[in-house]
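1. After the sequence you'll find the predicted model.
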Amino acid sequence: MSVGPGLEHLLIDGRRVEASGGETFETVNPADGTVLARIARGTAGDVDHAVAAARRAFEQGAWPRFSPADRQMLLLRLAALLERDAEEFARLDTMEMGSPIRHTRGSVVLLVDLLRYFAGIARSIEGTTNAPSDPALFACTVKEPVGVCGAIIPWNGPLWASVLKLGPVLASGCTLVLKPAEDASLAPLRLAELALEAGVPPGVFNVVTGFGTEAGAALAAHPGLDKIAFTGSVETGRAIVRASAGNLKRLSLELGGKSPNIVFADADLEAAARAAVGAAFANSGQVCSAGTRLFVERAIHREFAEEVARIAARLRIGNGLDPETDLGPLVSARQLARVRGHMDDALSTGARAISGGARLTGECHGEGFFFPPTVLIDARDDMRAVREEIFGPILATLPFDAEEEVIARANATEFGLGAGVWTGSVGRAHRLSRGLKAGSVWVNCYNRIDPAVPSGGVKASGQGREYGRQHVEEHFQLKSIWIDTAV
Ligand code: ADP
């Protein structure tokens, strides 16, 4: 595949094919507005073909005969190929969604490790022997792959999300139809080619590019899918839950958040300030678990907010391909407009920005979709910018007085993805970890990820877990087998 304004096809049953409607759409480099490629606009008919191919691959041919050891070797080969082509993948993601090359290079290293972790799990799936009351009965459970899976992913980490969806599918013996986000299709398509090179049989991993309301909606509703995994906004998540109801397919959802990051005066404040900047502004704030509500004990609130603003103001903002860049552009003009809308709303309801606050233009930012890291003071819990997920570099700082108060305010949100706590007190670390309603709580750190540690949301942030053994287990169903030994 070449990068440039070439044409990218769908990848179905191991073959590159045009969309059945023959239509395409453009994908754009958000750093300068140039067209990177034309992408096939897959629709419901293409989704039908892909699901049929995935079903055939699940039930017939080589794939059902792959042993756990074979699947482990396959994942290890894929990891090795991803490591070989790391630079190409890092550049693809940087060019298509803007993230700095240092960040995307680091991501590939983690994803190689993630595939190796899943390779290990592929060999260690176990059932149980059970003990019915009737001694004549023998009973055991076996785990069987759930079947044909769909995945709909967002644009904020296209390679990351693709590997995260594919790894457990390969580890479990399922098959996959992946629908990338319309703003970020290149890395998922390239990954599908790499999978073929690694020896993944045709039809096991299919990619249908296109729009959410066309290809995405058709996939979510498809009666031929046994499971669908979605990562994206709550609103779209709700649409997917509704669409999936037809055949009651298994669901896993990772739906973003408005995560609290709580700083007590007894914490290592230097470390907390540096981490608060990373928590809120990494990937230009386009991170589901971004720590966007910074609660700070009142006595140190103002000084701490100013220190966070000073550190943020030193970040270098520019084209992600420049190795010196700390923050790239937002992914698209649409996302820039959303972020600016939230900014206007925050200012008009009484918040003040002590850094950033307006789109960056001028010589070095040109036509790119650049928005600087923005720290708000005088924000209130009931403001839209404090309640809603912005998915951009806007951080609200909020003073608090007492532990119980901050736990209640941190939890007073429909979301529950991540939460950070900064404190020197072991007791408080425990109390907050248990009191905060979130899928992950980070104490004296923020947004740590490891293949071995499950991640996911509570409340409207989603259901199911990714990473860890649990992630692979969710791709199996349990079968109970009874044998009457008296017969
Ligand atoms: P954004 O609005 O920033 O694109 P979304 O959560 O809507 O965030 O998008 C995440 C993914 O969901 C993308 O791949 C998108 O194409 C897809 N999508 C959007 N709307 C729908 C829908 N109605 N049904 C299925 N998928 C959708």
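-> Alright, I've got the coordinates. Here the structure is a predicted model, which means the values were calculated and not measured. Numbers count the residues shown, from 1 in each chain.

2. give me phi/psi at the closest residue to the ligand within the stretch 1-150 of the chain?
-> Using C-beta to the nearest ligand atom, the single residue of the stretch 1-150 of the chain nearest to the ligand is Gly150, 9.6 Å away. Quick note: C-beta positions are derived from backbone N, CA and C, even for glycine. Gly150 adopts backbone torsions of phi -110, psi 150, taken as degrees, to the nearest 10.

3. can you pull up the bridge partners for it?
-> Val177, Ile228 (DSSP bridges).

4. How about the contacts made by it?
-> 51, 176-179, 219-220, 222, 225, 227-229, 249 (C-beta atoms under 8 Å, 6 or more residues apart in numbering).

5. how near is it to Ala57?
-> According to C-beta to C-beta, to the nearest Å, Gly150 stands 14 Å off from Ala57.

6. With Thr213 instead?
-> Separation of Thr213 from Ala57 (C-beta to C-beta): 27 Å.

7. Neighbour count for these two, which is higher?
-> Neighbour totals were compared for Thr213 and Ala57, and Ala57 leads with 25 against 10 (other C-beta atoms under 10 Å).

8. rewinding a little: which single one of the contacts of Gly150 is nearest to Ala333?
-> Lys179 (22.0 Å; C-beta to C-beta).

9. surely that closest one meets Ile153?
-> Yes. Assessed by C-beta atoms under 8 Å, Lys179 is found in contact with Ile153 at 7.3 Å.

10. who has more neighbours, the two?
-> Lys179 (30 against 24).

11. can you tell me which residues contact the residue nearest the centre of the chain?
-> Of all residues in the chain, the one closest to the mean position by C-alpha atoms, centre = their mean is Ala161, 5.2 Å from it. Residues near Ala161 by C-beta under 8 Å, 6+ apart: Ala151, Ile153, Pro154, Thr231.

12. Quick one: distance of the helix or strand encompassing it to the chain centre.
-> Assigned by DSSP states H and E, Ala161 belongs to helix 158-172. In this view, helix 158-172 has its centroid 11 Å away from the chain centroid, taken as C-alpha atoms, centre = their mean, to the nearest Å.

13. again, but for stretch 22-33
-> 22 Å.

14. Determine the set of other helices and strands touching the helix or strand hosting Glu303.
-> Under the criterion of DSSP H and E, Glu303 resides in helix 301-313. Helix 301-313 sits against helix 269-281, strand 291-297, strand 352-355, strand 374-377, strand 394-400, with contacts defined as 3 or more C-beta pairs under 8 Å, 6 or more residues apart in numbering; DSSP states H and E.

15. One more pass at 10 Å, please.
-> Counting contacts by 3 or more C-beta pairs under 10 Å, 6 or more residues apart in numbering; DSSP states H and E, helix 301-313 packs against strand 259-263, helix 269-281, strand 291-297, strand 352-355, strand 374-377, strand 394-400.

16. The last one pairs with which strands?
-> Under the criterion DSSP bridges, strand 394-400 sits next to strand 291-297 (parallel), strand 374-377 (parallel) in its sheet.

17. possible to save these as CSV with distance to Gly127, mean neighbour count and mean pLDDT?
-> Shown next, in CSV, are the strands paired with strand 394-400 (distance: least, C-beta to C-beta, whole Å; neighbours: other C-beta atoms under 10 Å; pLDDT from 0 to 100):
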stretch, distance to Gly127, mean neighbour count, mean pLDDT
strand 291-297, 40, 27, 98
strand 374-377, 52, 26, 98
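
18. Neighbours of the nearest residue to Lys479 once chain neighbours are set aside, how many?
-> Of all residues not flanking Lys479 in the chain, Val142 sits nearest, at 5.2 Å (C-beta to C-beta, 6 or more residues apart in numbering). By the measure other C-beta under 10 Å, the count of residues near Val142 is 14.

19. so what's Val142 up against?
-> Ile125, Glu126, Gly127, Thr128, Phe476, Gln477, Leu478, Lys479, Ser480, Ile481 (C-beta atoms under 10 Å, 6 or more residues apart in numbering).

20. contacting residues around the first one?
-> Contacts were defined as C-beta under 10 Å, 6+ apart; by that measure Ile125 touches 68, 142-145, 171-173, 469, 472-473, 475-476.

21. does the ligand sit close to stretch 283-303?
-> No. Stretch 283-303 stays clear of the ligand (C-beta under 6 Å from any ligand atom), getting no nearer than 9.0 Å.

22. Quote the end-to-end distance of that stretch.
-> Stretch 283-303 has an end-to-end distance of 25 Å (C-alpha to C-alpha, to the nearest Å).

23. Which helix or strand contains Phe230?
-> Using DSSP H and E, Phe230 sits in strand 227-231.

24. just the CA coordinates of that strand, formatted as PDB?
-> This file holds the C-alpha atoms of strand 227-231, laid out as PDB (Å, rounded to 0.1, in the frame of the first residue of the first chain):
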ATOM      1  CA  LYS A 227     -20.700 -10.300  19.100                       C
ATOM      2  CA  ILE A 228     -20.000  -6.700  18.500                       C
ATOM      3  CA  ALA A 229     -17.300  -4.500  20.200                       C
ATOM      4  CA  PHE A 230     -17.600  -0.700  20.000                       C
ATOM      5  CA  THR A 231     -15.300   2.000  21.100                       C
END
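
25. And the helix or strand that comes right after that strand, how far out from the chain middle?
-> Following strand 227-231 in sequence order, the next helix or strand is helix 234-244 (DSSP H and E). How far helix 234-244 lies from its chain's middle: 16 Å, per C-alpha atoms, centre = their mean.

26. Say whether the ligand is contacted by helix 234-244.
-> Yes. Helix 234-244 lies within reach of the ligand by C-beta under 6 Å from any ligand atom, at Thr236, Ala239, Ile240.

27. secondary structure class for the one residue in the stretch 51-200 of the chain that gets nearest to the ligand?
-> In the stretch 51-200 of the chain, the residue that lies nearest the ligand is Ala181 (3.7 Å; C-beta to the nearest ligand atom). Following DSSP: H, G, I helix; E, B strand; the rest coil, the label given to Ala181 is coil.

28. got a list of what it touches?
-> By C-beta under 10 Å, 6+ apart, Ala181 lies in contact with 27, 96-97, 152-156, 158, 161, 188, 209, 211-212, 216, 231-232, 331-332.

29. If we use 7 Å, what do you get?
-> By C-beta atoms under 7 Å, 6 or more residues apart in numbering, the residues touching Ala181 are Ile153, Pro154, Trp155, Pro158.

30. Which one of those is nearest to Gly418?
-> Nearest to Gly418 among the contacts of Ala181, with distances taken as C-beta to C-beta, is Pro154, at 16.4 Å.

31. so who does the closest one touch?
-> For Pro154, the contact set (C-beta under 7 Å, 6+ apart) comprises Ala161, Ala181, Thr231, Gly232.

32. Try it again at 10 Å.
-> Neighbouring residues of Pro154 by C-beta under 10 Å, 6+ apart: 97, 160-161, 180-181, 183-184, 212, 230-233, 236, 254, 256, 286, 288, 331, 391.

33. Nothing else from me, thank you.
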